[in-house]
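>>> next one to model:
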Amino acid sequence: QVQLVESGGGLVQAGGSLRLSCAASGLTFSSYAMGWFRQAPGNEREFVAAISLTGGSTYYADSVKGRFTISRDNAKKSVYLQMNRVKPEDTAVYYCAARLGLKAPRGWPQEGYDYWGQGTQVTVSS
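Residues are numbered from 1 along each chain as shown. Now for the predicted structure:
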């Protein structure tokens with residue numbers, strides 16, 4: 001079955017950096033666009049970043065643009081989120097998600113994901 005396993009979360013001070021990883025199995029990774037989402041307590045899940053099948057196109061929420069970078073390694077079936085200059089408001093559970101590339105573009109990049117990981121906690125202290 002399809003599995004997406006996030007890692008790399010933890011406690012970091014404001015202004016610091018953290019790198020999240022998501023390892024995929026059970027799917028043809030290069031056929032899926034990938035995304036990162038987050039959910040803070042009491043808030044709805046929100047889009048953070050997304051990357052196309054080959055990594056040639058990336059998309060970011062305004063709140064993280066210029067601070068976070070999404071990348072992928074299709075040979076390793078992994079997607080990454082480099083988080084720099086983190087802020088307390090970045091505290092959340094971060095999820096990676098996979099979206100079949102053959103899907104119609106409606107909702108891309110914020111919607112239409114087929115598989116989700118269990119999440120990894122990121123806590124930013126002030």
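>>> quick one: contacts of whichever strand or helix holds Tyr94?
Tyr94 belongs to strand 92-100 when elements are defined using DSSP states H and E. The set of residues external to strand 92-100 that reach it, using Cβ atoms under 8 Å, 6 or more residues apart in numbering, is 2, 4, 6, 9, 20, 22, 24, 27, 29, 31-40, 43, 45, 48, 50, 79, 81, 108-109, 112-122. No exception for glycine: its C-beta is placed from N, CA and C like everyone else's.
>>> taking these one by one, which sit in strands?
Filtering those for membership in strands, criterion DSSP state E, returns 4, 6, 20, 22, 24, 32-39, 48, 50, 79, 81, 115-116, 120-122.
>>> buried among the residues you listed? Make that a ChimeraX selection.
Here is the ChimeraX selection string for the buried members of the ones in strands among the contacts of strand 92-100, based on 16 or more other Cβ atoms under 10 Å:
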select :4,6,20,22,24,32,33,34,35,36,37,38,48,50,79,81,115,116,120,122
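>>> touching, Arg72 and Ala50? I think so.
No: with contact defined as Cβ atoms under 8 Å, Arg72 and Ala50 do not form a contacting pair (10.4 Å).
>>> okay, and the common contacts of the two?
Residues touching both Arg72 and Ala50 comprise Met34, with contact defined as Cβ under 8 Å, 6+ apart.
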